[in-house]
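Visitor: When you get a sec, could you give me coordinates for this:
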Amino acid sequence: MECALGMTATHFPSFSRLNSSPKVRLFSITCQSVSLSASENSPTTVERPWKVADARLVLEDGSVWRAKSFGASGTQVGEVVFNTSLTGYQEILTDPSYAGQFVLMTNPHIGNTGVNFDDEESKQCFLGGLVIRSLSISTSNWRCKQTLGDYLASRNIMGIYDVDTRAITRRLRQDGSLIGVLSTEDSKTDDELLEMSRTWDIVGVDLISGISCKAPYEWVDKTGSEWDFNFNKRNEDTFHVVAYDFGIKYNILRRLASYGCKITVVPSTWPASETLKMKPDGVLFSNGPGDPSAVPYAVETVKEIIGKVAVFGICMGHQLLGQALGGKTFKMKFGHHGGNHPVRNIRNGRVEISAQNHNYAVDPESLPEGVEVTHVNLNDGSCAGLAFPQQKLISLQYHPEASPGPHDSDPVFGEFIQLMKQEKQRA
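Guide: Numbering: from 1, shown residues only. Below you'll find the predicted structure:
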């Protein structure tokens, strides 16, 4: 074995800023093996027994982050957001609300439980890519069916690891969500990737129509008995709920079914007149990705339905209700993404730990008289819930169905049941 000591100029730490970072000197060692049986010295390069950096994340602020790839290869552009959940990465991967985004996990160790096909929240992965600090080299869970890397590769989703997620998170908190480009293609220069990040935007883009179902269908599955935690509060009556699919998660449907609802799921463009012809007891407006202002057709649908039947909005549905009532929505600096957000229920003073995933919020000052703010996010004071008794509606900005948890907000499904029951009794 022959080794040559050399000195190179490179950037430090694991990222560089285009045309701005100073250079420092680092030593590098190149090793070659020499065949003893060869008549002449003919050294050949030895392949390293470990994976080397082969991917880049280029952010629109000009920073370039070197990393190692897993999952799919190629080049992808998206909005980078950070998620503070300690577990549940598979539910995050299959949450349609992450369409158009790269999700950075602040929990450093990801992949140790592998994946299984029971925890998926939709039929596929909709996010643009996954950014993590450390990829587990082994899986240890009795439900595991596949490794995280194989799972992403089979679904054509890019992932990178061995990148300083803590530093990127601090950057996102300081500067706000940033557009980025993930690439494993050496043929593309950093400047080309930077240009891609600066010419792409997620604001004003309709991300819902591409992920919603194409035709109505019935949903019957409930939360499995081994996972159900609230079975003592079931309702004996059956209520028909029409659920608008703006990117709906399976667990929302499971919770409604577990509370005794008969559910018809309809596409995001389903006419309000057709919904009312079904004579539902209630209508659910689901979660979904992107900017609520980019889907005016959905706002019009909500306007035509509110006041006629009991209504429940979750996440995107909450924002659409806000706009339909005459309020305004705005883009947050870096949004709420994670399973540990404290929310105060103003009505009873109870604090709930919630799972959240949204980049937009309702401006409570823009809402008309009669609309009540029922929940407030304790991290930043933003509006987290609404009620309008005269119009028979309630809504939450976060996810009461949260899987794998927390489950503090699950009782709101019972409130929706009571709202439908009251309207049924008045009829």
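
Visitor: pLDDT weak spots in the chain?
Guide: 1-46, 226-227, 229-236 (pLDDT under 70).

Visitor: For it, which strand extends over the most residues?
Guide: strand 328-345 (DSSP state E).

Visitor: What separation do you get for residue 386 and residue 142?
Guide: Residue 386 is 41 Å from residue 142, where distance means CB to CB, to the nearest Å. No exception for glycine: its C-beta is placed from N, CA and C like everyone else's.

Visitor: Which other helices and strands does the longest strand of the chain contact?
Guide: strand 75-83, helix 316-324, strand 351-363, strand 372-377, strand 383-388 (3 or more CB pairs under 8 Å, 6 or more residues apart in numbering; DSSP states H and E).

Visitor: The longest one - contacts with which helices or strands?
Guide: Using 3+ CB pairs under 8 Å, 6+ apart as the contact criterion, the secondary-structure elements in contact with strand 351-363 are strand 75-83, helix 316-324, strand 328-345, strand 383-388.

Visitor: Reformat these as CSV; add mean neighbour count and distance to residue 52.
Guide: Output for those, formatted as CSV (neighbours: other CB atoms under 10 Å; distance: least, CB to CB, whole Å):
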stretch, mean neighbour count, distance to residue 52
strand 75-83, 22, 19
helix 316-324, 28, 41
strand 328-345, 18, 30
strand 383-388, 24, 45
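
Visitor: Can you redo those as a markdown table, where the extra columns are distance to residue 415?
Guide: Shown next, in a markdown table, are the helices and strands packed on strand 351-363 (distance: least, CB to CB, whole Å):
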| stretch | distance to residue 415 |
| --- | --- |
| strand 75-83 | 27 |
| helix 316-324 | 14 |
| strand 328-345 | 11 |
| strand 383-388 | 9 |
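
Visitor: can you tell me which of the ones you listed comes nearest to residue 48?
Guide: With CB to CB, the closest approach to residue 48 among the helices and strands packed on strand 351-363 belongs to strand 75-83: 24.5 Å.

Visitor: Partner strands of that closest one and their direction?
Guide: Partner strands and pairing direction for strand 75-83 (DSSP bridges) are strand 101-105 (parallel), strand 178-183 (antiparallel).

Visitor: Distance from that strand to the middle of the chain?
Guide: 10 Å (CA atoms, centre = their mean, to the nearest Å).

Visitor: Quick one: the helices in this protein, in order.
Guide: With DSSP state H, the ranges of helices along the chain come out as 89-93, 148-154, 165-175, 190-198, 250-258, 272-277, 296-305, 316-324, 411-426.

Visitor: buried sites along the last one?
Guide: Neighbour-count burial for helix 411-426, with 16 or more other CB atoms under 10 Å as criterion, is recorded at 412-413, 416-417, 419-421, 423.

Visitor: and the direction of that helix versus that of helix 250-258, what angle?
Guide: Between helix 411-426 and helix 250-258, the angle comes out at 50 degrees (axes from the mean of the first three to the mean of the last three CA atoms, to 10 degrees).
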